[in-house]
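K.L.:
Please work out how this folds:
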Amino acid sequence: MSSDHSEGNPAASAGEGGGSSEAASPPRTVDKQKGKARVSRTSLILWHTHQNDANAVRKLLEEDRDLVNARDYDNRTPLHVAALHGWIDVAKCLLEFGADVNAQDRWKNTPLADAEGATKLSMIELLKSNGGLSYGQNGSHFEQKPVPPPLPSKCDWEIEPSELDFSTAMIIGKGSFGEIIKAYWRGTPVAVKRILPSLSDDRLVIQDFRHEVNLLVKLRHPNIVQFLGAVTEKKPLMLITEYLRGGDLHQYLKEKGALSPSTAVNFALDIARGMAYLHNEPNVIIHRDLKPRNVLLVNSSADHLKVGDFGLSKLIKAQNAHDVYKMTGETGSYRYMAPEVFKHRKYDKKVDVFSFAMILYEMLEGDPPFLTHEPYEAAKLVAEGNRPVFRARGYVQELRDLTEQCWAADMNKRPSFLDILKRLEKIKDNLSSDHPWSIFTQ
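P.N.:
Modelled structure (predicted):
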C-alpha cells in the first residue's frame with residue numbers, strides 16, 4: 001500500500017516519503033505573517049492517523065473535537081485514512097469522537113468503500129457495525145491502472161427470504177451451527193446454508209457467517225462453488241450457493257471405492273485448479289478444511305468437481321510468497337489436517353496442499369487415510385511423522401511420488417498448486433499415451 005494514496009493525500013505523502021528527510025515529520029505550511037513554518041492542525045491529525053498513532057489522535061481531538069471530520073484537499077477525512085490502512089484503534093477513537101462514518105471524498109468514496117477496496121476485513125466489520133455504507137468505487141482511486149470489478153453492493157446479493165421456496169426442501173447436510181438444505185430460488189435448485197435460529201444472535205456465529213459471505217462474494221472460478229446471495233438482514237441468516245446434483249466426493253468414494261488412475265488424475269486436476277485460484281497472490285485464501293466432503297460433484301456423471309464450504313477459510317494479504325501466519329491451531333478436520341496445524345505452529349497456504357495429498361491418497365486407495373483410527377488419533381499419528389501406507393495394486397508411480405511430496409513434514413518442501421497442476425497434466429498425458437482405453441475405465 002506504500003504508494004496507493006500519496007497522490008491525493010498530503011498526510012500519506014508525509015508518512016511515506018520514500019526515505020526523504022521529510023518523511024519523519026508532519027507536513028508544514030508557511031505562515032506569511034511570521035515568515036516561518038507551522039504545522040496545520042488538519043494536516044497534523046491526518047498525519048498522526050496515517051502513522052497509526054491513536055494516542056496522538058486522541059490528544060488532538062480532546063483539544064479540538066471538530067478535527068474529527070477535518071478534510072484534506074481531496075475531501076478525505078481521518079477516518080478515510082484509517083480505513084484504507086486498516087488502523088482499527090485509530091478508527092475506534094475517531095468514531096468515539098463522532099466521526100462521520102459515511103463522509104465522501106472527491107471520488108464519492110466512503111471510508112467503508114476504502115476498506116473494501118483494500119480488503120481490510122476487520123475494518124469492514126467495524127465500519128458496518130457503526131452504520132457504514134459503501135459508495136463510490138471501492139477505492140478505485142488508489143492508482144490509475146486496471147482494477148478488478150468492484151464488489152457488488154449488498155443490495156445486489158441480499159436475498160429476500162420470501163423468494164426462497166422450501167415447499168419441497170430436503171436436508172442435505174447438518175452441522176453444529178445449522179443445516180444445508182436443497183431449496184428453490186426463482187425456480188432454480190439451490191443449496192441454502194441456514195444458521196440455527198437459536199444461534200442467530202450469537203456474535204461469533206454472526207461474525208463467522210459474515211466472514212464467509214465476504215469471501216464468497218469475491219470468488220469467480222469454474223472449480224469453486226458459485227455464491228448466489230445471502231440473507232443477512234433477517235433471521236434466520238442464510239447463505240445461498242448453486243446446488244450440485246452429484247453430491248460430495250466423500251459419498252462418491254464410499255460407493256465407488258478406489259478410482260482408476262485416469263479418473264483420480266481428472267478429479268485431482270479439478271481440485272488443484274480451484275485451489276490454485278484460491279492461493280493466487282496477493283489475496284491468498286487458505287481453505288483450512290479441504291476434505292472429500294467439501295469437494296462437490298457437478299452431476300451424477302462426475303465429470304466436473306468444485307471446491308466448496310469456506311466457513312473456516314482465511315483471506316490473507318500476502319507480502320511475499322513465503323509469508324507464514326499465526327492462526328488458530330486445530331482448525332479443520334483431523335483426518336486431513338496438516339501436522340503444523342495440529343501442533344499449533346505457524347503455518348501458511350501449504351496446509352491445503354497437505355490436505356490435497358490425503359484426498360489424492362483416498363482416491364487412489366478407496367479408503368480414508370488411517371481408516372482404522374479415530375480422526376484425532378489419525379492427526380496425532382501424522383504429527384508424529386507417520387503417513388498412510390499405499391496398498392492398492394497397479395498404482396502409477398508418478399501419482400504416488402506427487403502424493404508423498406504434497407504431504408512432506410516440512411511445508412516448504414510441498415509444491416504449490418500451480419506446480420501440482422503441471423505435474424498432473426504431465427501424468428495425464430503419459431496415461432493417455434500408455435493406455436488409450438484407460439480414460440473410459442472406472
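K.L.:
what number of residues lie near P197?
P.N.:
By the other Cβ atoms under 10 Å criterion, the neighbourhood of P197 contains 11 residues. The way it works is simple: take the backbone N, C-alpha and C, and place the C-beta from them, glycine included.
K.L.:
Could you measure from the closest residue to it other than its chain neighbours over to K128?
P.N.:
Closest residue in space to P197, ignoring its immediate chain neighbours: P236 at 5.0 Å, by Cβ to Cβ, 6 or more residues apart in numbering. According to Cβ to Cβ, to the nearest Å, P236 stands 20 Å off from K128.
K.L.:
In three-state terms, label the residue nearest to P197 for me.
P.N.:
coil (DSSP: H, G, I helix; E, B strand; the rest coil).
K.L.:
That one reaches I195, doesn't it?
P.N.:
Yes: under the contact definition of Cβ atoms under 8 Å, P236 touches I195, with a separation of 5.3 Å.
K.L.:
Model confidence at the residue nearest to P197, what's the number?
P.N.:
pLDDT for P236: 88.
K.L.:
In contact with it, which residues?
P.N.:
If a contact means Cβ atoms under 8 Å, 6 or more residues apart in numbering, then P236 has 178, 194-197, 200 as its contacts.
K.L.:
Now distance to E377 and secondary structure too, for those residues, in a markdown table please.
P.N.:
Shown next, in a markdown table, are the contacts of P236 (distance: Cβ to Cβ, whole Å; DSSP: H, G, I helix; E, B strand; the rest coil):
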| residue | distance to E377 | secondary structure |
| --- | --- | --- |
| G178 | 28 | strand |
| R194 | 33 | strand |
| I195 | 31 | strand |
| L196 | 30 | coil |
| P197 | 36 | helix |
| S200 | 35 | coil |
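K.L.:
what's stretch 249-262 in contact with?
P.N.:
Here stretch 249-262 makes contact (Cβ under 8 Å, 6+ apart) with 246, 267, 291-293, 295-297, 302, 305, 359, 362-366, 392, 394-396, 399, 428, 431-432, 435, 438-439, 441-442.
K.L.:
any weak-confidence spans in the stretch 1-150 of the chain?
P.N.:
Low-confidence segments of the stretch 1-150 of the chain, defined by pLDDT under 70: 1-39, 73, 136-150.
K.L.:
try it again with 90
P.N.:
Judged by pLDDT under 90, the stretch 1-150 of the chain has its weakly predicted residues at 1-44, 46-47, 50-51, 72-76, 84, 104-109, 113-120, 131-150.
K.L.:
What segments of it are strands?
P.N.:
Secondary structure of the stretch 1-150 of the chain, counting by DSSP state E, counting those that start in this stretch: strands at 29-31, 36-38.
K.L.:
and A409, helix, strand or coil?
P.N.:
Three-state secondary structure (criterion: three-state DSSP) places A409 in coil.
K.L.:
Next up, the contacts around it.
P.N.:
Taking Cβ under 8 Å, 6+ apart, one finds 339, 385 in contact with A409.
K.L.:
what's the burial count for W157?
P.N.:
17.
K.L.:
from what I can see it touches A230, true?
P.N.:
Yes: the pair W157 and A230 passes the contact test of Cβ under 8 Å, sitting 6.3 Å apart.
K.L.:
what's around V205, how many residues?
P.N.:
With other Cβ under 10 Å as criterion, V205 counts 18.
K.L.:
follow-up on the earlier one: mutual contacts of P236 and I195, please.
P.N.:
For the pair P236 and I195, residues contacting each of them under the criterion Cβ under 8 Å, 6+ apart are G178.
K.L.:
A115 against H85, yeah?
P.N.:
No: under the criterion of Cβ under 8 Å, A115 lies out of contact with H85, with a separation of 9.4 Å.
K.L.:
Who has more neighbours out of the two?
P.N.:
The residue with more neighbours, out of A115 and H85, is A115; 30 against 24, by other Cβ under 10 Å.
K.L.:
list the contacts for the more buried one?
P.N.:
Applying Cβ under 8 Å, 6+ apart to A115 gives the contacts 83-84, 86, 123-124, 127.
K.L.:
Would you format those residues as a markdown table with neighbour count and distance to T49 included?
P.N.:
As requested, the contacts of A115 are arranged in a markdown table below (neighbours: other Cβ atoms under 10 Å; distance: Cβ to Cβ, whole Å):
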| residue | neighbour count | distance to T49 |
| --- | --- | --- |
| A83 | 34 | 10 |
| L84 | 27 | 10 |
| G86 | 21 | 12 |
| M123 | 24 | 13 |
| I124 | 24 | 18 |
| L127 | 27 | 15 |
